[in-house]
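# here you go, sequence then predicted model.
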Amino acid sequence: MKILITTELYLPTINGVVTSVVNLKTELIKLGHDVKILTLSNDSHSFKKDEVIYISSIGAGKIYPGARLSLIKENKYIQELMNWHPDIIHTQSEFSTFFMAKHIANKLNIPIIHTYHTVYENYTHYFSPVKSWGKVIVAQFTRRILKQTEGVIAPSHKVQTLLYNYDVKQKIFVIPTGINIPKLINDNNDKLINLKHSLSIPNDKKVLLFVGRLAKEKNLEEIFNFYSKLDRTNLMLLIVGDGPNRVPLESLAVNLSIDKEVRFTGMIARELINDYYRIGDVFISASNSETQGLTYIEALSNSIPIICRKDDCLDEVIVDGMNGWQYENFQQFQNQLDITLGEQNKAYKQNAFNSVMLRYSSSVFAKQIEAAYIQTIEYYLEKHHNVDLTTLGTNNIKVPILTFSLNK
């Protein structure tokens with residue numbers, strides 16, 4: 001199969017969507033597919049690198065920090081993709097690259113399947129002064145975009161339910177995003193001790209870890225306030241990542257008198273991130289803006305139990321008292337932290353790793369996505385071209401049979 005994946009961001013940028021696309025591309029190639037990426041460049045130049053096409057764009061940071069915009073639908077690189085003639089386009093964003101994908105799909109008469117990564121209801125503070133207005137705008141925008149696709153991939157049942165509430169009519173495949181699960185390791189203790197030393201974290205301190213974008217919707221202010229109320233004699237707080245909310249968070253740490261116990265690493269190279277997970281003792285988050293929580297799964301895969309604010313999308317990831325906890329108030333957070341760092345800490349760590357092994361590997365993810373592609377192509381051909389499916393070679397590909405939900 002020839003598969004075109006379109007995404008607003010790609011390497012060298014690192015975030016949850018980019019990680020998902022990188023893993024998917026790698027695993028689809030292993031399955032024998034031909035995969036190309038269409039994304040935006042960070043400047044006014046379009047170029048091609050390996051199998052990735054970067055289209056010129058301009059900054060649109062006033063809409064959302066780090067956002068970029070492109071109105072290009074035709075150039076030599078897009079024409080090259082059309083000459084290649086993909087069988088399906090898998091879109092990862094609802095903005096510039098989606099409209100490029102729609103242009104290509106219309107020209108070639110091929111289907112689009114879309115992954116709905118972002119719960120935009122939680123981002124209304126960027127574009128609407130009134131939250132209720134923002135939710136109405138988001139629902140209308142989502143329906144209009146997804147109406148142009150043949151199918152939608154939701155990373156969790158939370159997102160599936162949200163799309164139902166928006167009255168989305170497309171097929172919805174619930175497929176959790178996969179990650180590269182590290183092998184069970186006998187950690188190089190000297191390496192991890194040296195990393196802690198480089199961050200000025202004493203080796204006898206327990207590390208509460210957050211990994212992710214430092215943005216308002218991540219609600220790190222709650223974590224800082226909670227941390228300031230704890231008995232902190234044996235604790236430190238490690239914040240891995242960067243973003244527009246870093247300076248306000250640094251100021252908050254000073255105001256709460258916890259700045260000497262908080263470490264901000266800034267952006268960390270993807271190939272090093274597992275080392276930072278492994279110096280953590282507990283992964284913590286107060287975010288309610290997740291669609292699935294990819295960093296949560298990465299933490300579990302590195303044997304780090306989780307304590308996070310209760311969120312429906314995490315009900316399939318976190319089993320309270322087994323690999324972590326979900327809290328609703330400070331008292332729960334404090335009690336759960338005491339339990340997780342207590343005598344059963346080793347069991348929590350082992351349970352964390354075991355809980356992601358079968359469900360969230362990148363190879364399982366790719367096989368499920370492959371099955372969704374095949375169903376989407378077959379549905380599109382039946383719907384638009386009255387093709388006899390017995391003539392398709394896809395029937396001979398052995399993949400898991402997926403069920404989908406159709407909102408009627």
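Looks like it came in fine. This one's a predicted model, so the numbers in the text were calculated from it and none came from an experiment.
# how about the contacts made by the residue nearest to the spatial centre of the chain?
For the chain, G16 is the residue whose C-alpha lies nearest the centre (Cα atoms, centre = their mean; 3.1 Å). If you count contacts by Cβ atoms under 8 Å, 6 or more residues apart in numbering, G16 has them with 117, 177, 294-295. Just so you know, the C-beta spots here come from the backbone N, C-alpha and C atoms, and that holds for glycine as well.
# turn those residues into JSON lines, including pLDDT.
Converted to JSON lines, the contacts of G16 look like this (pLDDT from 0 to 100):
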{"residue": "H117", "pLDDT": "92"}
{"residue": "T177", "pLDDT": "88"}
{"residue": "L294", "pLDDT": "85"}
{"residue": "T295", "pLDDT": "91"}
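# in helices, which of those appear?
294-295 (DSSP state H).
# can you select the buried ones among the contacts of G16 for me in ChimeraX?
Command for ChimeraX, covering only those of the contacts of G16 found buried under the criterion 16 or more other Cβ atoms under 10 Å:
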select :117,177,294,295
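# turn the contacts of G16 into TSV, including distance to L192.
Listed next are those as TSV, based on distance: Cβ to Cβ, whole Å:
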residue	distance to L192
H117	32
T177	27
L294	23
T295	19
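# which residues of this protein score low on pLDDT?
61-66, 122-131, 183-188, 386-408 (pLDDT under 70).
# let me see the domain layout of it.
Using automatic domain parsing, the domain parsing of the chain gives 2-179+361-406, 189-357.
# V282 contacts Y227, doesn't it?
No - taking contacts as Cβ atoms under 8 Å, V282 lies outside contact range of Y227: 11.6 Å.
# between those two, which is the more surrounded one?
Per other Cβ atoms under 10 Å, whichever of V282 and Y227 has more neighbours is V282, with 25 against 22.
# name the SS class of Q326, please.
strand (DSSP: H, G, I helix; E, B strand; the rest coil).
# doesn't D320 make contact with it?
Yes - with contact defined as Cβ under 8 Å, Q326 counts as touching D320 (6.4 Å).
# which of the two has more neighbours?
Q326 (20 against 12).
# how about the more buried one, nearest residue that isn't a chain neighbour?
K310 (4.1 Å; Cβ to Cβ, 6 or more residues apart in numbering).
# which residues are in contact with M322?
For M322, counting by Cβ under 8 Å, 6+ apart, the contacting residues are 348, 351, 355.
# reformat these as TSV; add neighbour count and distance to Y379.
TSV is the format used below for the contacts of M322 (neighbours: other Cβ atoms under 10 Å; distance: Cβ to Cβ, whole Å):
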residue	neighbour count	distance to Y379
Y348	23	43
N351	18	39
S355	21	34
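# next structured bit after the one helix or strand I297 maps to?
Assigned by DSSP states H and E, I297 falls within helix 294-301. As assigned by DSSP H and E, the chain's next helix or strand after helix 294-301 is strand 306-309.
# paired strands for that following strand, with orientation please.
Note on strand 306-309: by DSSP bridges, its sheet partners are strand 282-285 (parallel), strand 324-327 (parallel).
# which residues in the stretch 151-300 of the chain form strands?
For the stretch 151-300 of the chain, applying DSSP state E, counting those that start in this stretch gives strands covering 151-154, 171-174, 206-211, 235-240, 262-266, 282-285.
# could you export those strands to JSON lines, including columns for distance to L38?
Below are these laid out as JSON lines (distance: least, Cβ to Cβ, whole Å):
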{"stretch": "strand 151-154", "distance to L38": "18"}
{"stretch": "strand 171-174", "distance to L38": "22"}
{"stretch": "strand 206-211", "distance to L38": "28"}
{"stretch": "strand 235-240", "distance to L38": "30"}
{"stretch": "strand 262-266", "distance to L38": "29"}
{"stretch": "strand 282-285", "distance to L38": "32"}
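# residues contacting V52?
V52 neighbours (Cβ under 8 Å, 6+ apart): 10-11, 36-39.
# if you set the cut-off to 6 Å instead, what comes out?
Neighbour list for V52: I37 [criterion: Cβ atoms under 6 Å, 6 or more residues apart in numbering].
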